[in-house]
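Student: Quick one, fold the following:
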Amino acid sequence: MISIIIPLYNEQENVSILVSEIVRVMEQEKKAFEIILIDDGSKDNTFKQICQITDKDNRVRGLRFRRNHGQTVALKAGIEHVKGDICITMDGDLQHNPDQIPEFLKKIDQGFDLVCSYRHKRNDSILRKIPSKIANFFARKLSKLELKDFGSTYRAYRTDIAKEMPIYGEMHRFIPVFMSMYTDRITEIPIHLKPRLHGRSNYGLGRTFRVFSDLLVLLFFAGFFTRPIHIFGYISILLGLPGFTILSGLSLGKFFFGLSILDNFGPLFVLGVLLCLVSGQMITTGIVCEYLIRIYYNDDKRKPYSIAASTDEIKSA
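Tutor: Below is the predicted model:
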């Protein structure tokens, strides 16, 4: 079964059109499928539209958050509620073309666990293109994944691996990095964005700054999530070696040549002590992080959202 996950925020005019297009494509492909619509705290009649759709087609299910949590949490909720072996995530603004779903499925059939997409010939303004190119450049360098576009949410996943992703905040852009923690069978295909017909974009220039701050977290997740002691160990060595060298030199001068450390080398002595203290703190921090990672992998993984209503519950009632 194919599960298609669509986060929605104030998309009342788009949701029914998008669902009908997806149904047409999946019926042509003769694939068993379900569509999960997540209303991310919309202020309009998006969930009302979802309920009308689910009343007519039991292959469509809907969830509604009590408030807006953001696209990452909506995607995570959808992935946790899927029944299919393969899940596809896409935007609800009609810009992602459902006719390209078979291309994603073809790549999955070829043995890939994650199929990403890159936006070919983008029509966005230069204020969105330039920050996006910079963010993609740094994401490639930090993650070592040779993907053209980390920001496109039109993706296909093997569900069993997707459910393991520890995503939160606004980390949906870097899902390929989290997936690379579990598999290296990752590829991408080009997509052509359609123009937005209804509503307005929820993305602004202010979100760019949050992307760059997320890149710092990406550095940790990409290389040190399962072994945080390494990154803190590297920092500890870089600081501790100079500190140890300084204090060793001053100690030798004191014992063999009778040099007065505080009178002649006071600032250098303070620097050596400071470097050694910070080095010790880095090691301690690394050990604490290692312990927290062990807790993380044994935790019950509490959900960062609260669902106000489900169309499954409405039907059963």
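
Student: what about D184, which SS state?
Tutor: With DSSP: H, G, I helix; E, B strand; the rest coil as the basis, D184 sits in coil.

Student: got it, and the one 4 residues further on?
Tutor: Taken by three-state DSSP, the conformation at E188 corresponds to strand.

Student: Run through the residues that contact it.
Tutor: Listed by C-beta atoms under 8 Å, 6 or more residues apart in numbering, the contact set of E188 reads 115-118, 147-149. All C-beta atoms are positioned from the backbone trio N, CA, C, and that covers glycine.

Student: In ChimeraX, how would I select just the buried ones from those?
Tutor: The buried residues among the contacts of E188 can be selected in ChimeraX (16 or more other C-beta atoms under 10 Å) with this line:
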select :115,116,117,118,147,149
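
Student: so of the contacts of E188, which ones are in strands?
Tutor: 115-118 (DSSP state E).

Student: pLDDT and distance to G41 for the residues you listed - can I get that in CSV?
Tutor: Shown next, in CSV, are the ones in strands among the contacts of E188 (pLDDT from 0 to 100; distance: C-beta to C-beta, whole Å):
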residue, pLDDT, distance to G41
V115, 94, 29
C116, 92, 27
S117, 92, 26
Y118, 89, 29
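
Student: any idea how this structure splits into domains?
Tutor: Domain ranges of the chain: 2-224, 228-298, per automatic domain parsing.

Student: Export the ones you listed as a markdown table, with columns for distance to E313.
Tutor: Converted to a markdown table, the domains of the chain look like this (distance: least, C-beta to C-beta, whole Å):
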| stretch | distance to E313 |
| --- | --- |
| domain 2-224 | 10 |
| domain 228-298 | 31 |
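
Student: before we move on, back to that, now, which of the ones in strands among the contacts of E188 sits nearest R185?
Tutor: V115 (9.6 Å; C-beta to C-beta).

Student: Show the contacting residues for that closest one.
Tutor: Counting by C-beta under 8 Å, 6+ apart, V115 has contacts 104, 107-108, 155-157, 186-189.

Student: which strands and helices sit next to the longest helix seen in the chain?
Tutor: Secondary structure of the chain per DSSP state H: the longest helix is helix 261-298. Contact partners of helix 261-298 among helices and strands, from 3 or more C-beta pairs under 8 Å, 6 or more residues apart in numbering; DSSP states H and E: helix 228-257.

Student: The helix it packs on vs helix 261-298, what angle?
Tutor: 160 degrees (axes from the mean of the first three to the mean of the last three C-alpha atoms, to 10 degrees).

Student: State the mean pLDDT of helix 228-257.
Tutor: The average pLDDT within helix 228-257 is 85.

Student: Report all helices and strands that that helix contacts.
Tutor: Counting by 3+ C-beta pairs under 8 Å, 6+ apart, helix 228-257 packs on helix 206-224, helix 261-298.

Student: list the buried ones in that helix?
Tutor: Under the neighbour-count criterion of 16+ other C-beta under 10 Å, helix 228-257 has 228-229, 231-233, 235-236, 239-240, 243, 246-247, 250 buried.

Student: from what I can see, S3 looks like it's in a strand, true?
Tutor: Yes: under three-state DSSP, S3 sits within a strand.

Student: Could you export the contacts of E188 as CSV, including distance to E13?
Tutor: Formatted as CSV, these follow (distance: C-beta to C-beta, whole Å):
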residue, distance to E13
V115, 29
C116, 28
S117, 24
Y118, 28
L147, 32
K148, 31
D149, 27
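
Student: What is the nearest of the contacts of E188 to V177?
Tutor: Closest to V177, out of all of the contacts of E188 and judged by C-beta to C-beta, is L147, at 9.4 Å.

Student: How many neighbouring residues does F65 have?
Tutor: 23 (other C-beta atoms under 10 Å).

Student: Quick check: the gap between it and M165.
Tutor: Remark: distance between F65 and M165 (C-beta to C-beta, to the nearest Å) = 19 Å.

Student: Could you do I86 as well?
Tutor: Separation of I86 from M165 (C-beta to C-beta) stands at 15 Å.

Student: Check S42 too.
Tutor: Relative to M165, S42 is positioned 25 Å away (C-beta to C-beta).

Student: T284 too?
Tutor: T284 is 30 Å from M165, by C-beta to C-beta.

Student: Name the residue in these two with the higher neighbour count.
Tutor: M165 (20 against 12).

Student: Spell out the secondary structure type for that one.
Tutor: Of the three states, M165 takes coil under three-state DSSP.

Student: I figured it was touching M179, is that so?
Tutor: Yes: between M165 and M179 there is a contact under C-beta atoms under 8 Å: 6.5 Å.

Student: any residues in contact with both of these two?
Tutor: Common neighbours of M165 and M179 (C-beta under 8 Å, 6+ apart) do not exist.
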